[in-house]
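K.L.:
Please work out how this folds:
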Amino acid sequence: MIKDIIKNADEKMNKTVLSLQHQLSTLKAGRANPTMLDRIQVEAYGSMVPINQVGNVSAPEPRVILIQPWDKSTLKAIEKAILKSDLGINPSSDGTVIRLVVPELTEETRKNLVKNVKKFGEDAKVAIRSIRRDANDKLKALKKNNEISEDECKKGEDTIQKETDKFIKTLDQMVDSKEKEIMTV
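P.N.:
Here you go, the predicted model:
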């Protein structure tokens, strides 16, 4: 029982870390990164689909993202989706491929991005702490129902706290790393 609660909490905390990792990868940091386009949806074939499902997305140069649609008829829809997004990059098309030139970040833009990174990190920490609280509540409920002893409950809580500390440290490292990447000119 206790192991299941700890394992469940561990899995949820791991998913939170992966979620933050994905969020951070979609932020532009002055370098072209195909994952920046992951959250942009294109209207194609009667439904909304991610850009990477209508064409090949690559970064042939440090500041250029190249999109090669598999079907030329989706070219205009891709351009429209990029213009409507919050990327702030104007697509240029030659009729077969779309090029996105990622501009150099200004100091102000970098600082705003770092604020977003810190906010994402803080949200992830809140989620981790919430998972810890839920797991501890489940342990306390087991103790209250006399299904586990006081010592077993305390050991379980200690284990969950160690896991929480480990995951929070990982989140901090991810945020620091992304912050350095953004602030590097």
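
K.L.:
Report all helices and strands that whichever strand or helix holds Val17 contacts.
P.N.:
For Val17, the host element (DSSP states H and E) is helix 2-25. Where contact means 3 or more Cβ pairs under 8 Å, 6 or more residues apart in numbering; DSSP states H and E, helix 2-25 is packed against helix 107-144, helix 150-183. Quick note: C-beta positions are derived from backbone N, CA and C, even for glycine.

K.L.:
quick one: that helix to chain centroid distance?
P.N.:
Remark: helix 2-25 is offset 13 Å from the chain centroid, using Cα atoms, centre = their mean, to the nearest Å.

K.L.:
Counting neighbours, which bits of it end up buried?
P.N.:
Residues 2, 5-6, 9-10, 12-13, 16-17, 20, 23-24 are the ones in helix 2-25 that count as buried (16 or more other Cβ atoms under 10 Å).

K.L.:
and if you look at stretch 106-125?
P.N.:
For stretch 106-125, burial by neighbour count (16+ other Cβ under 10 Å) applies to 110, 113-114, 117, 120-121, 124-125.

K.L.:
same check, this time on stretch 47-55
P.N.:
Residues of stretch 47-55 classed as buried by neighbour count (16+ other Cβ under 10 Å): 49, 51, 54-55.

K.L.:
so how far is the first residue of that stretch from its last?
P.N.:
Terminal residues of stretch 47-55 are spaced 15 Å apart (Cα to Cα, to the nearest Å).

K.L.:
Could you number the chain from 772 rather than 1 from now on?
P.N.:
In the new numbering, first residue 772, that becomes stretch 818-826.

K.L.:
so for that stretch, what's the average pLDDT?
P.N.:
Across stretch 818-826, pLDDT averages out at 88.

K.L.:
since we're on the closest residue to Ala780 other than its chain neighbours, how many residues are nearby?
P.N.:
Once its chain neighbours are removed from consideration, Ala780 has its nearest residue in Ala906; the separation is 3.9 Å (Cβ to Cβ, 6 or more residues apart in numbering). A total of 26 residues lie near Ala906 under the criterion other Cβ atoms under 10 Å.

K.L.:
Same question for Ala848.
P.N.:
Other residues near Ala848 come to 18 when the count uses other Cβ under 10 Å.

K.L.:
The residue nearest the centre of the chain and Lys949, how far apart?
P.N.:
Residue closest to the mean C-alpha point of the chain, counted by Cα atoms, centre = their mean, is Gln794 at 2.0 Å. In this view, Gln794 and Lys949 are 10 Å apart by Cβ to Cβ, to the nearest Å.
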